[in-house]
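> Here is a sequence together with a model predicted from it:
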Amino acid sequence: DAGVIQSPRHEVTEMGQEVTLRCKPISGHNSLFWYRQTMMRGLELLIYFNNNVPIDDSGMPEDRFSAKMPNASFSTLKIQPSEPRDSAVYFCASSLMQGARETQYFGPGTRLLVL
Amino acid sequence: AQSVTQPDIHITVSEGASLELRCNYSYGATPYLFWYVQSPGQGLQLLLKYFSGDTLVQGIKGFEAEFKRSQSSFNLRKPSVHWSDAAEYFCAVGPNTGNQFYFGTGTSLTVIP
């Protein structure tokens, strides 16, 4: 299996621009998670989906952030407009929830720099 | 409230020495526990996990961890550290119900020759 795939791996943009991060979960997994990692705040859960439905988006910083999962094999995290404080590494993870036992598998991350 | 504490922000060990990384958790039910490793510029890789059964679990790369319910701990150990083990290590707990995982703040490991 190819594992969780994220694109782009690196993104540099200017403040005010729209940024779209993409994630392809492991085939057959039914849960998908978006995390943000910074030096100051560590690893933060932004939102997660179960069977393509957003379950908990309480970690989304503000309305500038939105996430979608139109089907089981694709998700996007969009920031519009972007700000310098959004600079971070964004990870996508997926899992197969079987009862309560599951293991999350992480993608390589997208390193975002907003100038 | 559920939480994970990794008391050591940074640890330095000599190559060949033994290693123990500490993890304490607070969880309302039977925890499912994980250790992940993150090499510079990389994503998080699963080292090992505990769901139930034998409290000493073996993982990849020669790592093991022991679940101690009485101490609410899940410490990671390795008998002999290699230079390639230098990385950030994250302990995580969950989920018992729902999907929520809780990650510790991480321990950065430096290995010196």
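That came through fine. Residues are numbered from 1 along each chain as shown, chains lettered A, B, ... in the order given.
> Buried residues, stretch B:4-21. List them.
Across stretch B:4-21, burial judged by 16 or more other CB atoms under 10 Å in any protein chain shown covers B:4, B:6, B:11, B:13, B:19, B:21. For the C-beta atoms, the positions are set from N, CA and C on the backbone; glycine is no exception.
> ok, now stretch A:107-115?
In stretch A:107-115, counting by 16+ other CB under 10 Å, buried: A:107-112, A:114.
> Nearest to residue A:23 among these?
Among these, residue A:107 lies closest to residue A:23 (CB to CB), at 6.3 Å.
> quick one, what contacts the residue lying closest to that closest one once chain neighbours are set aside?
Nearest residue to residue A:107 in three dimensions, chain neighbours excluded: residue A:4, at 3.6 Å (CB to CB, 6 or more residues apart in numbering or on different chains). Residue A:4 makes contact with A:23-26, A:92-94, A:105-108, B:43 under the criterion CB atoms under 8 Å, 6 or more residues apart in numbering or on different chains.
> Tell me which entries of these lie within strands.
Taking DSSP state E, the ones among those that sit in strands are A:23-24, A:92-94, A:105-106.
> Max pairwise distance over those: which two?
Pairwise across the ones in strands among the contacts of residue A:4, and taking CB to CB, the largest span is found between A:24 and A:106, at 13.0 Å.
> Just want to know which of the two has more residues nearby.
Higher neighbour count among residue A:24 and residue A:106: residue A:106, with 22 against 18, using other CB atoms under 10 Å in any protein chain shown.
> contacting residues for the more buried one?
A:4, A:35, A:91-93, B:36, B:43-45 are the contacts of residue A:106 under CB under 8 Å, 6+ apart.
> and with 10 Å instead?
In this structure, residue A:106 makes contact with A:3-4, A:6, A:33, A:35, A:43, A:91-94, B:36, B:38, B:42-46, judged by CB atoms under 10 Å, 6 or more residues apart in numbering or on different chains.
> Kindly write the ChimeraX command that selects the buried subset of those.
Command for ChimeraX that selects the buried part of the contacts of residue A:106, burial taken from 16+ other CB under 10 Å:
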select /A:4,6,33,35,43,91,92,93,94 /B:36,38,43,44,45,46
